[in-house]
Structures are given as C-alpha cells and as structure tokens.
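> structure for this input, please:
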Amino acid sequence: MTDTIAKSQVNELNIDALSLSMGQRAKRAAKILAASNCEARSKALALMAQQVRAAKDEILAANSEDVTRAIADKLSPAMIDRLKLDANRLEAIAKGLEEMSAQGDKVGNVIEEWTRPNGLVMQKVRIPIGTIGIIYESRPNVTADAGGLCVRSGNSVILRGGSDAFKSSTAIANALRAGLKAAGLPEDAIQFVPTTDRAMVGEMLKGMGGNIDMIVPRGGKSLVARVQNEAKVPVLSHLDGINHTYIHKSADEKKAIEVTLNAKMRRTGICGATETLLIDEEIAGDYLPELAFALSQGGCELRGCPKARAIIPMGVANDDDWNTEYLAPILSVKIVEDINEAITHIAEHGSGHTDAIIAEDLAAANKFLAEVDSAIVMHNTSTQYADGGEFGFGGEIGIGTGRLHARGPVGAEGLTTYKYVVRGAGQVRP
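Below you'll find the predicted structure:
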C-alpha cells in the first residue's frame, strides 16, 4: 500500500478489505514501535517536524483548497478558523513535534517496585496501549498532535479526520510518515484513512478486525455520542467544552476583566474557550458594566439572566444557553448569590471540561478547586490554558472528560498503560 491512496482508488476498494489491511499494518507497526527505544522515537519526531516544514507549500496549498470549499459550503466562521492554517500555525505544529522529541517518554519505566516476603520482586512497568484509532473533525493540527503523541508513547495510530480538512490532514500525515521513514521506523505507525466514506468510521468502531485497542473521538456531541454508542473497543472521550469563568466577590477587578476577556475572546473556536460567565451579585453592579463594555468592544454578543440584564442591556439567556458550547463570540452571563450557587450551576450545566475562579480569597479558591468536578479547574487564569501544549505536553490527543483512565489534557503518558513483571529465583507457591 503506498503512502497515499487516490480517492478513485479507494472507491474501487472494498471498505472491509481496506479496513482490515490498515488495522493489520498498524498492529505490526505498533509492535516494532513498542520495541524501539526512546532515542529512536525522539529522532523520528524531530524528523517529522523537519518534514512538516519541508512540505510547507504542499500543506498550505491543500489547506487553501479545504478552506475555499468550506467557505462555499457556508461553514461557520468558528469552523473555518479551526480549519485554517497559515505559516505561523504550521510552524507551531512543527515546534510541537520538536517539543515532544525533546521531552522523551516513560515507556518501559518502572512505575513501582517491591519485594514480597518470599523474595519475589514485583514491578509495575509502563507500556504502550497498542494501536489507537482517532476520529476527529475539522482541525488539521490534530493530525500532527495525535500522530506525534502516539509515536512518542510507542503506539501506532489510525487517523480519521473530518471531510472538511481532508486534503490538509492528508498532506500533514504524509509529512509525518516521511519523517518515520527517514528515522528507520515503520511508516504504517501513522495511517490516515484515505477516504471520507463514513463506513470507515463504523469499521474503526468495530476495531478493524480486532486490531484497534482504543478509540479517541474529538468533536461535537453527535460524534462523541455515536462513538460511545457503537464502539466495540474502549473509548477515551473528549466531550464539548461548556466552560465557566466565575468571578468571586473577592476578585481584583482589573484581573477579572483581563482574564475573562482572554478566556472568551482569544480564540472563540477552541474547546478551552469560556462559554458562561458567573459573577457574584455583591460585585456585579460594579464589575459587569466595564467587563461588558470590554467584551462588546471585542465583538462579543452577551446573553444574560434577568439580574444581568437589569444592570446592563444584553440579549436574553434562555435555558439552552447554559448548556451550549458556542465556539463563537457569544457569552452567557449569570449573576449568582455566592460561590455555592456558582458551583451548583457548574455541576448542573458544565461538561466536566474546564472551569475557573477569579478570586483573591484563597479559602474561596480552594473550595472551588476542591468541589468543582471538572477535568481541569483553575484559579486566577484563563480557561484557554486548557491545552496540552500549555501544560508542557508538546500537544494533546484531547481533553479527557471521563472518570476512567486519563483526564484533562491527554499527552503521551495518557496513552500508556502498564503490565506487571515478576522476577523470581525458583519460588513455587505452597
């Protein structure tokens, strides 16, 4: 099978056969990758970054075709922003791969070791999961983040990107495969599904002939719901980001305005953007007018509860607004009586992704951090830091919002599991 498969060729192939072939090749590549050492994987990542830079013109040309089609299809500005690449974003992709290269990994590390009274030495050793299937939507940078993190953690990966970014993601995946080849590692450790046929999603969810060990969905509610309902293999969920910034009565006003403005408006189309602002009633009359002005100046539409609208004119927030990930310059605003109401609101309407408190009262901050049950909780900073790169992971496979396995930004370590190694000297069990 060549690096790329033309769409016309795919249409001639049997989807079942393509699926099985990709799965088998990924499984073979996973075994070779797992047996490689940290230095070999680091070298591959560095060469992958080089190949991304070398393929700059090809990748940007492919992305231009995707963006042109997206505009013609009347995708939302938020979706187009997610899709669009430029020289700076492409360089950020390459630098992310280099950061992964420099970090090393913990594959093969002994997590714990102890000796039993009978002399048996027990070790808990970190190992790759195997073959990861990743299904995502229109962000082409996920292709590099996911591919790089899987190589870093010793896993092979099968990527099924969104049709909106098909050409961009294909070009990026080809560059990553070229880096693997240059490093002497199997190109099939990274495979991009060469068709937009949705039947391939179903094949991945069934495990591609028993060759996929875990599925990671990155996208909207409908995608995640389908994966959770149909997957025959374990799923690491990445749900939507209905994130909150809560301004406590002890908050510094300047800090509250600057942080909230960044949390909402830095990039409105990412999952770490704040979607709902909560503010204590005691300070709302003083803080909200200036904050609303700053947000409105940035082009943000405000939708508020009755108490918020009584302070400053804004749109009406209905029940759906509290449960909406806008991914757009829209912010719902709710005035709460105190921190307890804020925590209750987040519990009822949040998605378990990222929530922040702005407060100078350390006891209030600690209460919020302890009682808000989200994958990421923050104090006095922007929710837009909910990103694997900002956590120092070099990238992320997604923000895990479940309660099993990895939570929060899932970097290379989150894509590993462990096995027990027992060393003896002839002991037999009585």
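> please spell out which residues along the helix of greatest length in the chain are buried.
When the chain is parsed with DSSP state H, its longest helix is helix 15-35. Within helix 15-35, the residues scored as buried using 16 or more other Cβ atoms under 10 Å are 15, 18-30, 32-34. All C-beta atoms are positioned from the backbone trio N, CA, C, and that covers glycine.
> swap in stretch 262-277?
Quick answer for stretch 262-277 (16+ other Cβ under 10 Å): 262-265, 268-277.
> now tabulate those in JSON lines and tack on distance to L223 and pLDDT.
What follows is the buried residues of stretch 262-277, written out as JSON lines (distance: Cβ to Cβ, whole Å; pLDDT from 0 to 100):
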{"residue": "N262", "distance to L223": "28", "pLDDT": "98"}
{"residue": "A263", "distance to L223": "25", "pLDDT": "98"}
{"residue": "K264", "distance to L223": "24", "pLDDT": "98"}
{"residue": "M265", "distance to L223": "26", "pLDDT": "97"}
{"residue": "T268", "distance to L223": "20", "pLDDT": "93"}
{"residue": "G269", "distance to L223": "16", "pLDDT": "84"}
{"residue": "I270", "distance to L223": "17", "pLDDT": "87"}
{"residue": "C271", "distance to L223": "13", "pLDDT": "89"}
{"residue": "G272", "distance to L223": "18", "pLDDT": "94"}
{"residue": "A273", "distance to L223": "19", "pLDDT": "96"}
{"residue": "T274", "distance to L223": "23", "pLDDT": "98"}
{"residue": "E275", "distance to L223": "19", "pLDDT": "98"}
{"residue": "T276", "distance to L223": "23", "pLDDT": "98"}
{"residue": "L277", "distance to L223": "27", "pLDDT": "98"}
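> from these, which is closest to L149?
L149 lies nearest to C271 out of the buried residues of stretch 262-277, by Cβ to Cβ, at 16.6 Å.
> which phi and psi does the closest one have?
For C271, the backbone dihedrals are phi -70, psi -10 (criterion: degrees, to the nearest 10).
> quick check: closest non-adjacent residue to it.
Of all residues not flanking C271 in the chain, G241 sits nearest, at 3.7 Å (Cβ to Cβ, 6 or more residues apart in numbering).
> that neighbour looks like it's in a strand, true?
No: under DSSP: H, G, I helix; E, B strand; the rest coil, G241 sits outside any strand and is assigned coil.
> that one against S351, yeah?
Yes: with contacts counted by Cβ atoms under 8 Å, G241 reaches S351, the gap being 6.3 Å.
> the stretch 1-150 of the chain: helices as residue ranges?
Using DSSP state H, counting those that start in this stretch, the helices of the stretch 1-150 of the chain run over residues 7-12, 15-35, 38-54, 56-72, 77-83, 87-103, 141-152.
> among these, which comes closest to H405?
Among those, helix 141-152 sits nearest to H405 (Cβ to Cβ), with 14.7 Å.
> flag the shaky bits of this structure, pLDDT-wise.
1-13, 394 (pLDDT under 70).
> let me see the domain layout of it.
Annotated domains of the chain cover 15-238+410-422, 243-385 [automatic domain parsing].
> between these, which one is closest to E396.
Closest among these, once you apply Cβ to Cβ, is domain 15-238+410-422, at 5.7 Å.
> and that closest one, end to end?
43 Å (Cα to Cα, to the nearest Å).
> and it, how far out from the chain's middle?
Distance, stretch centre to chain centre, for domain 15-238+410-422: 11 Å (Cα atoms, centre = their mean, to the nearest Å).
> and for stretch 345-362?
20 Å.
> OK, contacts around the closest residue to M204 other than its chain neighbours?
Ranked by Cβ to Cβ, 6+ apart and with sequence neighbours excluded, the top spatial neighbour of M204 is G133, at 4.6 Å. Residues near G133 by Cβ atoms under 8 Å, 6 or more residues apart in numbering: 157-158, 160, 204, 208, 212, 214-216, 233.
> out of the residues you listed, list just those in strands.
Residues from those lying in strands, with DSSP state E as the criterion: 157-158, 160, 214-216.
> in these, find the pair that's most separated.
Longest span within the ones in strands among the contacts of G133, Cβ to Cβ: R160 and M214, 13.9 Å.
> coming back round to it: if the residue nearest to M204 is in a bridge, with which residues?
Taking DSSP bridges as the rule, G133 bridges to I158, I215.
> in a strand, that's where V333 is, yeah?
Yes: under three-state DSSP, V333 falls within a strand.
> offset the numbering so it begins at 443, please.
Okay, using 443 as the starting number, the last item reads as V775.
> I'd guessed it sits against G746; true?
Yes: with contacts counted by Cβ under 8 Å, V775 reaches G746, the gap being 4.1 Å.
> so what sits against both of those two?
In contact with both V775 and G746: 756, 759, using Cβ under 8 Å, 6+ apart.
> not counting its neighbours along the chain, what's nearest I785?
E813 (5.2 Å).
> now render the contacts of G575 as a markdown table, adding neighbour count.
What follows is these, written out as a markdown table (neighbours: other Cβ atoms under 10 Å):
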| residue | neighbour count |
| --- | --- |
| V599 | 31 |
| I600 | 28 |
| R602 | 21 |
| M646 | 28 |
| M650 | 24 |
| I654 | 29 |
| M656 | 20 |
| I657 | 25 |
| V658 | 26 |
| V675 | 18 |
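> quick one: common contacting residues for G683 and S793?
Counting by Cβ under 8 Å, 6+ apart, the shared contacts of G683 and S793 are E767.
> ok, F608 touching D508?
Yes: between F608 and D508 there is a contact under Cβ under 8 Å: 6.9 Å.
> tell me which of these two has more neighbours.
Using other Cβ atoms under 10 Å as the criterion, F608 and D508 rank with D508 on top: 25 against 22.
> buried residues, stretch 601-612. List them.
601-612.
> and the gap between A529 and A770?
According to Cβ to Cβ, to the nearest Å, A529 and A770 sit 26 Å apart.
> and the two? which has more neighbours close in?
Applying other Cβ under 10 Å to A529 and A770 shows that A770 carries more neighbours, namely 18 against 9.
> excluding chain neighbours, what is closest to the more buried one?
A520 (4.9 Å).
> show me the contacts for that neighbour.
Neighbours of A520 in contact, by Cβ under 8 Å, 6+ apart: 710-711, 768-770.
> got TSV for these, with distance to V758 and secondary structure too?
TSV is the format used below for these (distance: Cβ to Cβ, whole Å; DSSP: H, G, I helix; E, B strand; the rest coil):
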residue	distance to V758	secondary structure
T710	20	coil
G711	24	coil
Y768	15	coil
L769	20	coil
A770	17	coil
